[in-house]
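After the sequence you'll find the predicted model.
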2 protein chains.
Amino acid sequence: MLTLYFAPGTIALASIITLCETGLEFEARRIDFKKNEQRTPDYLKLNPKGRVPALITDAGVVTETPAILSYLAEIAPQAGLAPVGNAFAAAQLQSFNAWLCSTVHICHAMGRRAIRWTPDEAAHASLKAHVPVTMAACMAQVEADYLQGPWVFGEDYTTADPYLFTICTWLEGDGVDIAAYPKLSQHHQSMLGRTAVQRALAIERGEG
Amino acid sequence: MLTLYFAPGTIALASIITLCETGLEFEARRIDFKKNEQRTPDYLKLNPKGRVPALITDAGVVTETPAILSYLAEIAPQAGLAPVGNAFAAAQLQSFNAWLCSTVHICHAMGRRAIRWTPDEAAHASLKAHVPVTMAACMAQVEADYLQGPWVFGEDYTTADPYLFTICTWLEGDGVDIAAYPKLSQHHQSMLGRTAVQRALAIERGEG
């Protein structure tokens, strides 16, 4: 049995979508950030980083989105969510996901989690004001260099797709109009057409 | 043949060490950040992100440290740098490396690359001033929750070790005394005792 701890509006949606894509049975447990539930002693025992997502497996806890997505792809090979037997293709997928996690997600986080990096409120305001610029640059790079279409890696739907999709659900709040990126807009619409995505969005809303 | 583009003092050292551990033949090509060589048209053709490291393989280019390290472990299985046939253990390694890339490396980057996130120089100063606090918190977490010893994953030396080691070479410049973390200090000394690490440091200095 798998259990995913998530909070709405976070990157945990990528893991929920991927769980839905695998067809594996799982439970999604909501963590309420407003009640600071990610800092309770019980949750910190599961994930000392006090973040979501965290995937509880029979073997132990997996944290960090790129690792959760790879793990799910590996334990559910029938879903075909990652290349098998091709080290270079696997590295390309891991590279894209690592870039989302270390560059794109960070640009977004500057708008709402800058307290992680400085207590200076004036700096928070400067960082927040610049989010539309950095996120637009990231999306321009996705459009120009990475998104092959219809999926990130062409005809092969992979874990890169729910990861990118989840970040794109933040764009409006980040002051970026996805319509400026035709391939990305099409990707977003294609994702919304997937059963797994609709189910995951319902779970995120507490209707799953 | 493999070629790694690197710059001294950057996270590329983790990839150089890992290349040395594999025993594979490779060429290391230095990029001079002072001459902005990472932004030349030729380099941007290889890596549109204009960053190091970038690993050139016969199949194409691999970027992002977690992906390069996984790729090297996979194409050189004889080096035993990553778990094989154990999805959970593989996910733990990937989780640790993803955390280094998306959290620890970012805390360090606030001290010298904050221009990525805002043009406001006052904010840069605030971010830089807070680096000793966030990097110390990261190292305390490594010490308490992750570093099993002697290597990150106990008796098994993996790609997590050169990745952590490389970040630890930045600690003095980040205002953090590694001596405050006994397990981490021992890890650093053990890494310095490895032939591959000494060879990689020589390559980084241009003596390789």
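Received the coordinates, thanks. Residues are numbered from 1 along each chain as shown, chains lettered A, B, ... in the order given.

So which residues of chain A form strands?
Applying DSSP state E to chain A gives strands spanning A:2-6, A:26-30, A:54-56, A:61-63.

Against which helices or strands is the first one packed?
For strand A:2-6, the helices and strands in contact under the criterion 3 or more Cβ pairs under 8 Å, 6 or more residues apart in numbering or on different chains; DSSP states H and E are helix A:12-22, strand A:26-30, strand A:54-56. Where C-beta positions appear, they are placed from N, C-alpha and C, glycine not excepted.

Tabulate the CA atom coordinates of stretch A:135-151 in CSV.
Extracted C-alpha coordinates of stretch A:135-151, given in CSV (Å, rounded to 0.1, in the frame of the first residue of the first chain):
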residue,chain,number,x,y,z
MET,A,135,9.3,32.3,-14.7
ALA,A,136,8.7,33.7,-18.2
ALA,A,137,12.4,33.0,-19.0
CYS,A,138,12.0,29.4,-17.8
MET,A,139,8.9,28.9,-19.9
ALA,A,140,10.5,30.5,-23.0
GLN,A,141,13.3,27.9,-22.5
VAL,A,142,10.9,25.0,-22.2
GLU,A,143,9.2,26.2,-25.4
ALA,A,144,12.4,26.7,-27.4
ASP,A,145,14.6,23.9,-26.2
TYR,A,146,12.8,21.2,-24.3
LEU,A,147,9.1,20.6,-25.1
GLN,A,148,9.1,18.3,-28.2
GLY,A,149,5.3,17.9,-28.3
PRO,A,150,2.8,16.6,-27.8
TRP,A,151,4.6,15.5,-24.6
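
rewinding a little: quick one: the strands of chain A as TSV, columns for mean pLDDT too.
As requested, the strands of chain A are exported to TSV (pLDDT from 0 to 100):
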stretch	mean pLDDT
strand A:2-6	98
strand A:26-30	98
strand A:54-56	98
strand A:61-63	98
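
Next, format these as JSON lines and append mean neighbour count.
Formatted as JSON lines, the strands of chain A follow (neighbours: other Cβ atoms under 10 Å in any protein chain shown):
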{"stretch": "strand A:2-6", "mean neighbour count": "21"}
{"stretch": "strand A:26-30", "mean neighbour count": "16"}
{"stretch": "strand A:54-56", "mean neighbour count": "24"}
{"stretch": "strand A:61-63", "mean neighbour count": "22"}
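
Can you add distance to residue B:144 and give these back as CSV?
Conversion of the strands of chain A to CSV gives the following (distance: least, Cβ to Cβ, whole Å):
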stretch, distance to residue B:144
strand A:2-6, 21
strand A:26-30, 25
strand A:54-56, 17
strand A:61-63, 15
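
wait, which of the helices and strands packed on strand A:2-6 is closest to chain B?
Chain B sits nearest to strand A:54-56 of all those, at 8.6 Å, using Cβ to the nearest Cβ.

Tell me which helix or strand in chain A has the weakest average pLDDT.
helix A:41-46 (a mean of 94; mean pLDDT, DSSP states H and E).

Any part of it near chain B?
No. Helix A:41-46 stays clear of chain B (Cβ under 8 Å from any Cβ of the partner chain), getting no nearer than 9.8 Å.

Spatially nearest residue to residue A:157, not counting backbone neighbours?
Nearest non-adjacent residue to residue A:157, counting by Cβ to Cβ, 6 or more residues apart in numbering or on different chains: residue A:151, 4.8 Å away.

whoops, I mixed them up, residue A:58
Residue A:58 sits nearest to residue A:1 (Cβ to Cβ, 6+ apart), 7.2 Å away.

which non-adjacent residue is nearest the residue of chain A most remote from its centre?
Within chain A, residue A:122 marks the point farthest from the mean C-alpha position, 28.7 Å out by Cα atoms, centre = their mean. Closest residue in space to residue A:122, ignoring its immediate chain neighbours: residue B:122 at 6.7 Å, by Cβ to Cβ, 6+ apart.

For the one you found, which residues are in contact?
With contacts defined as Cβ atoms under 8 Å, 6 or more residues apart in numbering or on different chains, the neighbours of residue B:122 are A:122-123, A:126.

What separation is there between it and residue B:133?
18 Å (Cβ to Cβ, to the nearest Å).

buried ones in stretch A:168-176?
The neighbour-count check on stretch A:168-176 (16 or more other Cβ atoms under 10 Å in any protein chain shown) flags A:168-171, A:174, A:176 as buried.

List just the nearest of those to chain B.
Distances from chain B to the buried residues of stretch A:168-176, taken as Cβ to the nearest Cβ, are shortest for residue A:174 (12.9 Å).

Which residues belonging to stretch A:6-21 are considered buried?
Across stretch A:6-21, burial judged by 16+ other Cβ under 10 Å covers A:6-8, A:10-21.

how far does that stretch sit from the chain's center?
Offset of stretch A:6-21 from its chain centre (Cα atoms, centre = their mean, to the nearest Å): 7 Å.

now swap in stretch A:24-40 and tell me
16 Å.

how about the CA coordinates for it, as PDB?
Extracted C-alpha coordinates of stretch A:24-40, given in PDB (Å, rounded to 0.1, in the frame of the first residue of the first chain):
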ATOM      1  CA  LEU A  24      -1.600   1.400  -8.300                       C
ATOM      2  CA  GLU A  25      -3.800   1.600  -5.200                       C
ATOM      3  CA  PHE A  26      -2.900   4.500  -2.900                       C
ATOM      4  CA  GLU A  27      -4.200   6.800  -0.200                       C
ATOM      5  CA  ALA A  28      -3.700  10.600  -0.400                       C
ATOM      6  CA  ARG A  29      -3.400  12.400   2.900                       C
ATOM      7  CA  ARG A  30      -3.800  16.100   3.000                       C
ATOM      8  CA  ILE A  31      -1.400  18.200   5.200                       C
ATOM      9  CA  ASP A  32      -2.800  21.600   6.200                       C
ATOM     10  CA  PHE A  33       0.000  24.200   5.800                       C
ATOM     11  CA  LYS A  34      -2.200  26.900   7.500                       C
ATOM     12  CA  LYS A  35      -2.200  24.700  10.600                       C
ATOM     13  CA  ASN A  36       1.500  24.100  10.100                       C
ATOM     14  CA  GLU A  37       0.900  20.400  10.000                       C
ATOM     15  CA  GLN A  38       4.100  19.800   8.100                       C
ATOM     16  CA  ARG A  39       6.000  20.700  11.300                       C
ATOM     17  CA  THR A  40       4.200  18.400  13.700                       C
END
